[in-house]
Structures are given as structure tokens and as C-alpha cells.
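Visitor: I'll drop the sequence and a predicted model, then ask my questions.
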Amino acid sequence: MAPPAEGELVPVGVVSKPHGVKGEVRLHPFNADSPLWGKKQKKRLAEAFLAAPGEGPRPCVVTSARKGPKYVILTLEGVVGREAADALRGHELHIPREALPPLAEDEFYLLDLEGLALERDGERVGEVARVLEYPASVCLEVRFPDGVREIPILEPWVQGIDVEAGVIELGPWDDLPVRD
């Protein structure tokens, strides 16, 4: 199984440590509440890939997955023993985008916001460099002529998001601090 083209894989979690001595690993999911970790996860994880830090993804077979309190416990084909599981620490688990759970009409994935144009009063003012998730809010990292700002995806800063049109409508952002 060859990895899909760049952009077609979505990181869904990172291996944090071994779980027990048989070779299972604990996966820190990027969205623990996702239906990806529900009862139908076997089908969604059928085509999975592991990526070591700084390396490209390579195919892996998830033979079982079950949800723990704050993590997901995975069994991966060919990973036997605690040492083999520990060697996967820091590896990201990726799945093809089409394996993600379907969205409601008014929903979007945060990864779809990266690269979108930012407009204010019909004028393009920037582009989303990346999306940052904090415990209190989700922010857009945007480079403006005077520096970088983190814009919370909340009113009054974000007035609307149209992923299909590729545009995020901004409100005033002058009250947000600038960083280098």
C-alpha cells in the first residue's frame, strides 16, 4: 500500500508511549471526541500510515483500537513487545482524508482553514498560515504587514467562514497583539 499524494493524508494522533508489555501503544488523538474513535473505527483505520518525526508516512495495519480515558490504545500488526512499541513514540498516525467522518452541512475540518484568504470589507488582508488549538479557543495564525497575529475563531474577530469559497471574513483585529 503506497502512501497517497501529499495533502491526502490527515494526521489524527501521535503515539505517546507503550501500553503494557505486549506491544500496544497509546495514541494521543488530536480530537478525542471524534467519531473516528467510535465503534466503526476499524473501517476508518483500515488504511493507516505512521510517520516518524521528520520522515514521510509508511503504511501500517491497525489490528485493534479501543478508547481509554484520554487516549486510544492501538495494536499494530508486527509490533510485538514493549521495546517495539516504545520505538514508535512520537510517530504520527495518518489516515486518508476520505476516511474522516462525514461532516454536517455547516461544519468544516480545521485543516481546511489553512491557506484560506482573509478578507475585511471585501479586501484581501492576509492568509491563514496555520490553525492553533488552545484549551480556551482555536486561533488562526495570520501574517499581516505589521507582524503575526493570532486571531480567535470567535466574534467579533471572525465574522464568517466559507470554506468552499476559500474565504474567511474578518472583523476588527487591531486589539490583538502582534508578535514577530
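Guide: Structure's in. What do you need?

Visitor: need the helices for this structure, in chain order.
Guide: With helices called from DSSP state H, the chain shows them at 41-44, 82-86.

Visitor: And those helices, which one averages the lowest pLDDT?
Guide: For the helices of the chain, the weakest mean pLDDT is recorded on helix 41-44, namely a mean of 65.

Visitor: Show me the chain divided up by domain.
Guide: 9-99, 110-170 (automatic domain parsing).

Visitor: which of the ones you listed sits most buried?
Guide: domain 9-99 (a mean of 17; mean count of other C-beta atoms under 10 Å). No exception for glycine: its C-beta is placed from N, CA and C like everyone else's.

Visitor: what's across from the residue lying closest to W157 once chain neighbours are set aside in the sheet?
Guide: Leaving out its chain neighbours, the residue that sits closest to W157 by C-beta to C-beta, 6 or more residues apart in numbering is I151, at 5.0 Å. On the basis of DSSP bridges, I151 is bridged to L140.

Visitor: got a list of what I151 touches?
Guide: I151 sits next to 139-140, 142, 157-158, 170, 173, 176 when contact means C-beta atoms under 8 Å, 6 or more residues apart in numbering.

Visitor: what about 6 Å?
Guide: Counting by C-beta atoms under 6 Å, 6 or more residues apart in numbering, I151 touches 140, 142, 157, 173.

Visitor: With pLDDT as extra columns, can I get those residues in TSV?
Guide: Shown next, in TSV, are the contacts of I151 (pLDDT from 0 to 100):
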residue	pLDDT
L140	95
V142	91
W157	94
W173	81
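
Visitor: ok so, going back, would you mind measuring from the residue nearest to W157 to E123?
Guide: According to C-beta to C-beta, to the nearest Å, I151 stands 16 Å off from E123.

Visitor: can you map out the strands along the protein?
Guide: Counting by DSSP state E, the chain has strands at residues 9-19, 24-29, 48-51, 57-60, 62-67, 72-76, 92-96, 117-120, 123-133, 138-144, 147-152, 158-162, 167-170.

Visitor: any idea how far the first one is from the chain center?
Guide: Right, the one you point to is strand 9-19. Centroid separation between strand 9-19 and its chain, computed with C-alpha atoms, centre = their mean, to the nearest Å, is 11 Å.

Visitor: Please name every helix or strand in contact with that strand.
Guide: Contacts defined by 3 or more C-beta pairs under 6 Å, 6 or more residues apart in numbering; DSSP states H and E place strand 9-19 against strand 24-29, helix 82-86, strand 92-96.

Visitor: Over to the third one?
Guide: If contacts are counted by 3+ C-beta pairs under 6 Å, 6+ apart, strand 48-51 sits against strand 57-60, strand 92-96.
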